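1. how does the following fold in three dimensions:
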Amino acid sequence: MCQTPRSTSWRKHYLLTDEADTQWKKVLNDCRVEPIYALSPQARGKIERPYRWLQDRIVRTCA
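-> Just a heads-up that it's a prediction; the model follows:
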């Protein structure tokens, strides 16, 4: 909350989920890198498959 200089009214601003930057976004902004997001579910799935495989391997190795 903040007080305006000429009045005693208070104003509260809530950030929406899309407005709040994640740590990853902050790092990219600091490095002046603009991310390119996958627009299709097929493209997102191509990168998720190796991660799922890697997670399965790590669990089996650590168990």
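2. what about residue 37, how many neighbours?
-> Other residues near residue 37 come to 6 when the count uses other CB atoms under 10 Å. Yep, even glycine has a C-beta here, placed from its N, CA and C like the rest.
3. my bad, residue 28
-> Using other CB under 10 Å, residue 28 is surrounded by 14 other residues.
4. so it is in contact with residue 34, correct?
-> Yes. Counting by CB atoms under 8 Å, residue 28 sits close enough to residue 34 to count as a contact (7.4 Å).
5. from residue 30, how far off is residue 49?
-> Summarising the geometry, the distance separating residue 49 from residue 30, computed by CB to CB, to the nearest Å, is 30 Å.
6. ditto for residue 39
-> Shown here: residue 39 relative to residue 30, a distance of 26 Å by CB to CB.
7. any idea which helix or strand carries residue 53?
-> Assignment of secondary structure by DSSP states H and E places residue 53 within helix 41-62.
8. tell me the buried residues in that helix?
-> Of the residues in helix 41-62, none are scored as buried under the neighbour-count criterion (16 or more other CB atoms under 10 Å).
9. quick check: mean pLDDT across it?
-> For helix 41-62, the mean per-residue pLDDT is 76.
10. return that helix as CSV; C-alpha atoms alone will do.
-> What follows is the C-alpha trace of helix 41-62 in CSV, where atoms were taken according to Å, rounded to 0.1, in the frame of the first residue of the first chain:
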residue,chain,number,x,y,z
PRO,A,41,1.5,-28.6,-28.1
GLN,A,42,3.6,-30.8,-30.4
ALA,A,43,6.6,-28.6,-30.1
ARG,A,44,6.2,-28.4,-26.3
GLY,A,45,6.0,-32.2,-26.2
LYS,A,46,9.3,-32.6,-28.0
ILE,A,47,11.2,-31.0,-25.2
GLU,A,48,9.2,-32.5,-22.4
ARG,A,49,9.8,-36.1,-23.5
PRO,A,50,13.6,-36.1,-22.8
TYR,A,51,13.0,-34.4,-19.4
ARG,A,52,10.5,-37.1,-18.5
TRP,A,53,13.0,-39.8,-19.6
LEU,A,54,15.8,-38.1,-17.6
GLN,A,55,13.6,-37.9,-14.5
ASP,A,56,12.7,-41.6,-14.8
ARG,A,57,16.4,-42.5,-15.1
ILE,A,58,17.4,-40.4,-12.1
VAL,A,59,14.7,-41.9,-9.9
ARG,A,60,15.8,-45.4,-10.9
THR,A,61,19.4,-44.6,-10.2
CYS,A,62,18.8,-43.1,-6.8
